[in-house]
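[1] Attaching a predicted model along with its sequence, questions to come.
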Amino acid sequence: ALDVGCGGGLLSESLARLGANVTAIDPSIPLVDMAQHHAELDWRLKKAKEEKTLGASGGSGSIEYRGGMSVEELAQEYNHAQQDEQEK
């Protein structure tokens, strides 16, 4: 899942607890730092990360925070990664 404009990360955390692998981006680096810190305080996410279990299906969710990034920059990064894979 992609959480664009993640702010404090509340939606990202909810999605991760449901088992989604979330990329959370926001142009504000301080907000993303705060979101990451908040997620680290959530005992459910911490326990799930340790036990590798999360969500109703027992799947493991995760959150990758990316501060100072726009959707366009993320798309360019993805395209470059795809091109590198094709060249291998």
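    Right, received. Where do you want to start?

[2] my read: Gly5 touches Asp26, true?
    Yes - using C-beta atoms under 8 Å, Gly5 is in contact with Asp26, at 5.7 Å. The C-beta positions use only the backbone N, C-alpha and C, and glycine is treated the same way.

[3] And those two? Which one has more around it.
    Per other C-beta atoms under 10 Å, whichever of Gly5 and Asp26 has more neighbours is Asp26, with 25 against 12.

[4] wouldn't that one be in contact with Gly7 here?
    Yes - with contact defined as C-beta under 8 Å, Asp26 reaches Gly7; the gap is 6.1 Å.

[5] any idea whether Thr23 is helix, strand or coil?
    Look at Thr23: counting by DSSP: H, G, I helix; E, B strand; the rest coil, its state is strand.

[6] Next, count neighbours for it.
    Neighbours around Thr23, by other C-beta under 10 Å: 19.

[7] what's the answer for the one 10 residues further on, then?
    In terms of burial, Asp33 registers 13 neighbours under the definition other C-beta under 10 Å.

[8] Done for today, thanks.
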